[in-house]
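# structure here, sequence nowhere to be found:
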């Protein structure tokens with residue numbers, strides 16, 4: 001099975017192509033690359049790769065962050081992203097990676113690929129590091145800023161399926177992001193979602209305050225896309241501030257510099273744990289096939305990580321598990337209606 005990579009819609013197309021070349025060398029994967037054929041071949045010529053594991057689809061158009069996403073998906077049919085989605089429909093393709101416009105990736109998932117039956121809104125679900133060296137899935141992190149209760153219920157089911165399929169967690173602990181841990185805390189949306197999540201056949205552990213997001217006490221964090229995006233960027237900003245403050249403190253003190261030499265291994269370990277380039281990207285859950293939205297500034301390491309990520313999701317039958325979770329949700333609704 002192949003993976004299609006949109007190489008053009010990103011900050012540095014050549015870096016994306018380099019990552020694809022390295023992945024073919026190291027990961028025993030087969031790839032389809034969409035983008036400018038001349039640029040792709042120029043970069044690939046620098047690597048000794050098995051060309052039988054590679055297919056190139058020439059695409060001269062690019063959807064940018066300045067384009068209106070839905071219109072661009074409909075009108076720029078010769079773009080690298082649209083051609084990537086068209087390739088994804090093939091039976092021999094398991095997933096898609098794009099570091100392009102988030103809005104365009106979302107629109108393409110809905111209009112070119114299609115939603116899984118029963119899903120109202122697909123959601124972005126990045127995985128963040130926790131204090132106990134594990135991972136927590138944040139869903140949604142920006143795809144849906146205005147939500148109804150049923151959307152968040154579906155987000156919870158998809159997040160559970162993701163952590164089961166990819167990370168092997170038997171009963172993922174689900175927390176609802178709120179302004180307090182008490183059952184009655186939250187706004188009208190979270191209060192309604194709280195009551196619904198309690199009825200689901202999942203390991204719902206209640207409300208969660210944002211300060212506990214990376215505590216390791218949760219496996220899935222459920223929220224609307226507005227809250228999720230603010231939480232995600234707050235975490236990223238805080239992490240950057242702490243690392244820069246620590247670096248400045250060390251550089252300003254001679255003894256601290258000496259101490260830092262002895263702690264270099266520990267510092268590198270922390271840096272790697274927090275490096276998004278080594279995590280892959282945010283899967284778009286709720287569409288018919290596997291889609292990963294990579295960071296716009298992704299480097300070759302991020303591309304290789306995203307490829308591994310898609311392979312894990314495919315082997316773990318992520319799409320099938322989401323469908324099974326939706327069937328459970330539908331059966332629960334039917335039983336409640338009949339009771």
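Cool, got the structure. Here the structure is a predicted model, which means the values were calculated and not measured.

# how near is the residue nearest the centre of the chain to residue 135?
Closest to where the C-alpha atoms of the chain average out (Cα atoms, centre = their mean) is residue 282, at 1.0 Å. The spacing between residue 282 and residue 135, counted by Cβ to Cβ, to the nearest Å, is 13 Å. The C-beta positions use only the backbone N, C-alpha and C, and glycine is treated the same way.

# over to residue 234?
Distance, residue 234 to residue 135, using Cβ to Cβ: 18 Å.

# who has more neighbours out of these two?
The neighbour count for residue 234 versus residue 135, taken as other Cβ atoms under 10 Å, is higher for residue 135 (18 against 12).

# was I right about that one contacting residue 126?
No. Counting by Cβ atoms under 8 Å, residue 135 stays clear of residue 126, with 9.8 Å between them.

# still on that earlier bit, how about the residue nearest to the centre of the chain, phi and psi?
Main-chain dihedrals, residue 282, degrees, to the nearest 10: phi -100, psi 120.

# give me the pLDDT for it.
In this model, residue 282 is scored at 93, pLDDT.

# hmm, it is touching residue 123, no?
No. Applying Cβ under 8 Å as the test, residue 282 and residue 123 come out as separate, 9.4 Å apart.

# okay, buried residues for the host helix or strand of residue 302 please.
Counting by DSSP states H and E, the element that carries residue 302 is helix 300-315. Within helix 300-315, the residues that count as buried by 16 or more other Cβ atoms under 10 Å are 300-307, 309-314.

# how far off centre is the next helix or strand after it?
Once the chain leaves helix 300-315, the next helix or strand it forms, by DSSP H and E, is helix 318-338. How far helix 318-338 lies from its chain's middle: 24 Å, per Cα atoms, centre = their mean, to the nearest Å.

# go on, stretch 38-49?
Distance of stretch 38-49 from its chain centroid, counting by Cα atoms, centre = their mean, is 28 Å.

# report the buried residues of stretch 203-211.
Buried residues in stretch 203-211, counting neighbours by 16+ other Cβ under 10 Å, are found at 204, 205, 206, 207, 208, 210.

# how near is residue 332 to residue 137?
Computed with Cβ to Cβ, the distance linking residue 332 and residue 137 is 22 Å.

# out of these two, which sits in the busier spot?
Set residue 332 next to residue 137 and count neighbours by other Cβ under 10 Å: residue 137 wins out with 28 against 14.
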